[in-house]
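Novice: This is a predicted model, with the sequence first.
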Amino acid sequence: MTISQEQVVLFKPQGSIDLQGGMNFSQQMLEVTPQAGQLWVIDLSEVDFMDSSGLVPLINGLTSARESGCRLVLCNVQTPVRLILELTQLDSVFEIFDTYEDIFISANDRNLAVA
């Protein structure tokens, strides 16, 4: 499910992000054209499993967002997914917030539209 508003793009993958789930998630992200100044939020509240192939769409999304002047953040990261991010040390690469609301509480850019 992808919800798009003026400056916030919300991705909410569900289930497992393994090889097949990762390809589906990559496809969803490719359907959105990044625009400078957007905030891309990946809400992982409904993802209960991720393996190494599931990291590919996250890294590709982050690369694409940065190249386009967007900010990409993760929120609601469940314990199994957080462990994968910590083991691969990607938890230091991604901005990770406990909840969706926390993103906007600590946002430096107060002009962001809340979805």
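Specialist: That came through, no problem. Small disclaimer: the values here were computed from a predicted structure and weren't measured.

Novice: ok now stretch 71-91, how far from the chain's centre?
Specialist: Distance of stretch 71-91 from its chain centroid, counting by CA atoms, centre = their mean, to the nearest Å, is 10 Å.

Novice: Packing partners of the helix or strand containing residue 101?
Specialist: Element membership for residue 101 (DSSP states H and E) is helix 100-105. Contact here means 3 or more CB pairs under 8 Å, 6 or more residues apart in numbering; DSSP states H and E; on that basis helix 100-105 packs against strand 39-43, strand 71-75. Yep, even glycine has a C-beta here, placed from its N, CA and C like the rest.

Novice: And the helices in the protein?
Specialist: All helices of the chain, identified by DSSP state H, fall at 19-30, 52-67, 79-87, 100-105.

Novice: I'd like to know which elements the third one is packed against.
Specialist: Packed against helix 79-87 by the contact rule (3+ CB pairs under 8 Å, 6+ apart) you find strand 47-50, helix 52-67.

Novice: what does that helix rub up against?
Specialist: Outside helix 79-87, the residues within contact range by CB atoms under 8 Å, 6 or more residues apart in numbering are 17, 44, 47-52, 54-55, 77, 90-91, 94, 96.

Novice: Please identify the one among these that lies nearest to residue 67.
Specialist: residue 94 (15.9 Å; CB to CB).

Novice: could you list every residue that touches the closest residue to that closest one other than its chain neighbours?
Specialist: In space, and not counting its chain neighbours, residue 94 is closest to residue 74: 5.1 Å by CB to CB, 6 or more residues apart in numbering. By CB under 8 Å, 6+ apart, the contact list for residue 74 reads 41, 42, 44, 58, 94, 95, 96, 97.

Novice: Out of those, which comes closest to residue 26?
Specialist: Of all the contacts of residue 74, the one with the least separation from residue 26 (CB to CB) is residue 58, at 9.5 Å.
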